[in-house]
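Novice: Got a predicted model here, sequence first, then my questions.
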Amino acid sequence: MKKGVLVLVLILSTLFLISFVSASFWDLFGITGKAITDTNNANLVAYYPFDINANDQSGHANNLGCSSVSTCPGLTTGKISKAYNFDGVNDQYTDSSTSSLDINQYSTSAWIKTSNKQGRMTIVEFTKSSANGNNRRGIAISGNNNLGKPIIYYGNDKMKIGNTGDLRDGVWHHILVLYNGTSPIIYVDGVSATLGAEDITNSGSFSSQLKIGNSLTSQENSYFNGTIDDVRIYNKALSYSEVVAIIIIVEQLLESLQHLKVVQILQFVEMEFVNLVKLVQVAQVIVKL
């Protein structure tokens, strides 16, 4: 009888530990990696960490939505914590009331990963009619003869393509584009790209709007096929040091998170071993009763 009680206690303690591990241990791998950001920057007017949802974390309430479940991107592993995966067919996020994006000078950045070789793919686009005459601002990945190179939209329906390698290589890339009212600049992984000749983009009479994963204009559907993470929009042209700082923040954060996870795992194992020993001691006392 006493052996039976001991076995029962051990079984119950094992089940307890399993349930605790499933609830606590894996939480260690869900650490939100966006706690250290520049969200206090007054020039940051839209910020989407994409850790849990598509809400704007800049304080300007440019929250994103999708028209139906079938067009909502799905959460996946990101560059930092979580990100959204876009299917290249109809997935997109939209905000139709973007008053804080009524800007001419701007900077926009995102982490992206894709290996899909379809045509042009939009990462993020926004506009506000009163400031820029229904003209798009934003980032895309080129198709056609400029395969996989970054595009910046700026000015009065203008665009330029960065002379880089094909970014559709299945590796995370950080793209930041900016426009200071005169000149556009594209940075890929912190390096300034030389730009091709200026070209004219499709225009449209779309209202104030922001889209991630597809173009604003009805004249082209350029759905993104891949993963997008940590999208930021600033209402000014960032300096080079500020551009580099964004990437450094992420890299330092990733390094810190890896160290933190190892420490927490060791602490967790030590704590659960102590708990298991206590349960066994309790079982031994019960058996002696």
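Specialist: It's in.
Novice: Take the strand ranked longest in the chain, keep the C-alpha atoms, and write them as CSV.
Specialist: Ranked by residue count under DSSP state E, the longest strand found in the chain is strand 225-234. Taking only C-alpha atoms (Å, rounded to 0.1, in the frame of the first residue of the first chain), the coordinates of strand 225-234 have been written out as CSV:
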residue,chain,number,x,y,z
ASN,A,225,5.2,36.8,-50.5
GLY,A,226,7.3,36.3,-47.5
THR,A,227,7.8,37.6,-43.9
ILE,A,228,7.7,41.2,-42.8
ASP,A,229,8.8,42.4,-39.3
ASP,A,230,9.4,45.6,-37.3
VAL,A,231,7.9,48.2,-39.7
ARG,A,232,8.7,51.9,-38.8
ILE,A,233,7.6,55.2,-40.3
TYR,A,234,9.2,58.5,-39.3
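Novice: who does it pair up with?
Specialist: Strand partners for strand 225-234, identified by DSSP bridges, are recorded as strand 44-48 (antiparallel), strand 82-87 (antiparallel), strand 106-113 (antiparallel).
Novice: any chance of those strands in CSV, plus distance to residue 142?
Specialist: Heads up, the C-betas are built off the backbone N, CA and C, glycines and all. Output for the strands paired with strand 225-234, formatted as CSV (distance: least, C-beta to C-beta, whole Å):
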stretch, distance to residue 142
strand 44-48, 23
strand 82-87, 17
strand 106-113, 13
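Novice: Same list (these) but as TSV, adding distance to residue 96 and mean pLDDT.
Specialist: Formatted as TSV, these follow (distance: least, C-beta to C-beta, whole Å; pLDDT from 0 to 100):
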stretch	distance to residue 96	mean pLDDT
strand 44-48	14	94
strand 82-87	19	96
strand 106-113	18	96
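Novice: nearest to residue 99, of the ones you listed?
Specialist: Closest approach to residue 99 among those (C-beta to C-beta): strand 44-48, 9.7 Å.
Novice: State the next helix or strand along the chain beyond the closest one.
Specialist: Scanning the chain past strand 44-48 towards its C-terminal end, the next helix or strand to appear is strand 74-77 (assignment: DSSP states H and E).
Novice: now for that next one, which elements pack on it?
Specialist: Strand 74-77 makes packing contacts with strand 82-87 when contacts are defined by 3 or more C-beta pairs under 8 Å, 6 or more residues apart in numbering; DSSP states H and E.
Novice: which other residues reach the strand it packs on?
Specialist: Strand 82-87 is contacted by residues 50-52, 54, 73-77, 91-93, 111, 213, 223-230 when judged by C-beta atoms under 8 Å, 6 or more residues apart in numbering.
Novice: how about the strands paired with strand 225-234, which one is nearest residue 164?
Specialist: With C-beta to C-beta, the closest approach to residue 164 among those belongs to strand 106-113: 12.8 Å.
Novice: Give me the contacts around the closest one.
Specialist: Judged by C-beta under 8 Å, 6+ apart, the contacts made with strand 106-113 from elsewhere in the structure are 78-80, 83, 123-124, 126, 137-139, 141, 167, 170-179, 224, 226-238, 243, 246, 250.
Novice: Before I go, just wanted to say thanks for your time.
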